[in-house]
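1. show me how the following folds:
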Amino acid sequence: MPDLREVAIISGKGGTGKTSICGALAVLAEELVIADCDVDAANLGLILRPSLRETHDFTASRTAIIDAQECSGCGRCAEVCRFGAVIQAADGTADVEPLACEGCGVCAHICPVGAIRLEESLSGRWFVSDTPHGTLVHARLGPGEENSGKLVTTVRNRAREIAQADGKGLVLIDGPPGIGCPVIASLSGVTCALVVTEPTVPAIHDMDRVLAVCRHFDVPTLVVVNRSDLDEGNRRAIAARCAREGLEVAAEIPYDPVFTRAMVEGRTVVEHSDGEVPRLLGSLWERLRGRLGLRARLECGGRPGLRGRPEEGRPGGF
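-> Below is the predicted model of the structure:
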C-alpha cells in the first residue's frame, strides 16, 4: 500500500483559476482520487465529465418542530428564540420557520408541555463518481445550509478511504476559496497546499490571508501565479512576498483564452491544447510530483508532466 499524499489546491478568493488548474493536474497525475471540497459551489465536474456512482444524504443540522395539537399557546418559545424563527399565530399557537431555525434547542428545553422536538434536517448530498481520470468525490450543500466544514470532512474522509482501498498514492483536493471553516477542513493534515493567486490587488491581499492560515496549521505551501502577465508590478510584488516567506513560486501561467475554450468543451486545458499553458502545467506537475516523492508512470508515453524521476530526500519532498 503506497503512502498516501494529499494536496489541497486553494485560493484566497474565487476566480483565480484554482479549479481549472486542479482539473489539469488531475489529468496529468492519473493515479489518484479527486476530492471537490468546494461544497458551496462544486464545479470540478464540469471539466472532468463524471459518471455518478453513489449518492448519499448529508444531515448535519437540526430544526425545531412544534406539534400544533400539543402546543398550549403560552408563547415562551417565541420569547426565547434569539433568531426570530418562531412565528406565533393570532390564536397563540406557534410554528417554526425552518430557514431561520438554528437548531439550538432552547425552545424545546423551555416548552412547558413538551410540544417541541428537534429533527435532523437534510443539509445537502455527497456523491462518488467515476471520471476518465480517476474517482471523484464531491458534494452539494443545500441553499442557506451551514456545516460546510463538516461536509468537506465527509468528502475528504471518503476520498481517503477510496484511495487506500484502490492503492492510489494521491488525493488531489479542489478546496474552496477564502479562509473559513471549509478551507480549514480542506487543509488539515494535508501533505502540502498549492495556493493559486493572480497579480491583482484583491488577489494579493487574499493570498496573504490564506498563506497565514497555511502557516498557522504548518502546511508546506507552494504558490502558483495565474494570469501572471496581467500586471508586472503586482507579479513582482507576489514574487517578493514569497521570497520573504521562503515560499516557492512553482509556476507562473500567463493569461490565455485557452482556459475558456477548454471549459466550453467541458474538458481540462491539457486535454484541449498542447500549447504553452499545458506545457507550463506539465512542468508544475513535475515539480509537485517530485516534491511529493511520487514515481512517474512509465506507460504514460509523451504526455507533458508525466515523465521524470522523483526528487531525492524524505517522503513528501518538503
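
2. near Arg49, how many other residues are there?
-> Neighbour count for Arg49, taken as other C-beta atoms under 10 Å: 16. (C-beta placed from N, C-alpha, C; glycine too.)

3. got the phi/psi numbers for it?
-> phi 50, psi 60 (degrees, to the nearest 10).

4. residue ranges of the strands in the stretch 51-200 of the chain, please?
-> 51-66, 86-88, 94-96, 116-131, 134-141, 170-177, 192-197 (DSSP state E, counting those that start in this stretch).

5. how about the helices in this structure?
-> Per DSSP state H, the chain carries helices over the ranges 18-29, 45-48, 76-80, 106-110, 148-166, 181-187, 201-216, 232-245, 258-265, 269-272, 276-292.

6. which one of those helices is the most hemmed in?
-> The highest mean neighbour count among the helices of the chain, using mean count of other C-beta atoms under 10 Å, belongs to helix 18-29: a mean of 27.

7. check the offset of that one from the chain's centre.
-> 13 Å (C-alpha atoms, centre = their mean, to the nearest Å).

8. and if you look at stretch 98-106?
-> Per C-alpha atoms, centre = their mean, the centroid offset for stretch 98-106 relative to its chain is 27 Å.

9. and for the protein, the residue most distant from the center?
-> Asp91 (47.7 Å; C-alpha atoms, centre = their mean).

10. for the nearest residue to Met207 once chain neighbours are set aside, give its distance to Gly134.
-> In space, and not counting its chain neighbours, Met207 is closest to Thr197: 4.1 Å by C-beta to C-beta, 6 or more residues apart in numbering. Going from Thr197 to Gly134 by C-beta to C-beta, to the nearest Å gives 26 Å.

11. looking at those two, which one has more neighbours?
-> Set Thr197 next to Gly134 and count neighbours by other C-beta under 10 Å: Thr197 wins out with 31 against 22.

12. ok, now which ones touch Val106?
-> Val80, Cys81, Arg82 (C-beta atoms under 8 Å, 6 or more residues apart in numbering).

13. no no, Ser186
-> Per C-beta under 8 Å, 6+ apart, neighbours of Ser186: Ala8, Ile10, Cys37, Val152, Arg156, Ile173, Gly175, Pro176.

14. next, count neighbours for the first one.
-> Looking back up the chat, that one is Ala8. Count around Ala8 with other C-beta under 10 Å applied: 28.

15. what's the spacing between Gly149 and Gly105?
-> Gly149 is 21 Å from Gly105, by C-beta to C-beta.

16. next: Cys71.
-> For Cys71 relative to Gly105 (C-beta to C-beta), the value is 17 Å.

17. between these two, which is the more surrounded one?
-> Legend: neighbour count by other C-beta under 10 Å for Cys71 and Gly105, higher for Cys71 (21 against 13).

18. and that one, how far is that from His205?
-> Counting by C-beta to C-beta, the gap from Cys71 to His205 is 51 Å.

19. and the contacts of Ser186, which two are furthest apart?
-> Farthest-apart pair in the contacts of Ser186 is Ile10 and Arg156; separation 13.2 Å (C-beta to C-beta).

20. now the phi/psi pair for Cys111, please.
-> phi -60, psi 120.

21. which parts of stretch 131-147 are buried?
-> Thr131, His133, Gly134, Thr135, Leu136, Val137, His138, Ala139, Arg140, Leu141, Glu145, Asn147 (16 or more other C-beta atoms under 10 Å).

22. could the C-alpha coordinates of it be exported in PDB?
-> Extracted C-alpha coordinates of stretch 131-147, given in PDB (Å, rounded to 0.1, in the frame of the first residue of the first chain):
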ATOM      1  CA  THR A 131     -14.300  10.100 -14.400                       C
ATOM      2  CA  PRO A 132     -11.800   9.300 -17.200                       C
ATOM      3  CA  HIS A 133      -9.000  10.300 -14.800                       C
ATOM      4  CA  GLY A 134     -10.000   8.800 -11.500                       C
ATOM      5  CA  THR A 135     -12.700   8.600  -8.900                       C
ATOM      6  CA  LEU A 136     -14.200  11.900  -7.900                       C
ATOM      7  CA  VAL A 137     -15.800  12.500  -4.500                       C
ATOM      8  CA  HIS A 138     -17.900  15.700  -4.500                       C
ATOM      9  CA  ALA A 139     -20.900  17.300  -2.700                       C
ATOM     10  CA  ARG A 140     -23.600  19.900  -2.800                       C
ATOM     11  CA  LEU A 141     -24.600  21.900   0.200                       C
ATOM     12  CA  GLY A 142     -28.200  23.000   0.300                       C
ATOM     13  CA  PRO A 143     -29.000  26.700  -0.100                       C
ATOM     14  CA  GLY A 144     -28.700  28.600   3.200                       C
ATOM     15  CA  GLU A 145     -27.300  25.500   5.000                       C
ATOM     16  CA  GLU A 146     -24.400  25.500   7.400                       C
ATOM     17  CA  ASN A 147     -21.800  22.900   8.500                       C
END
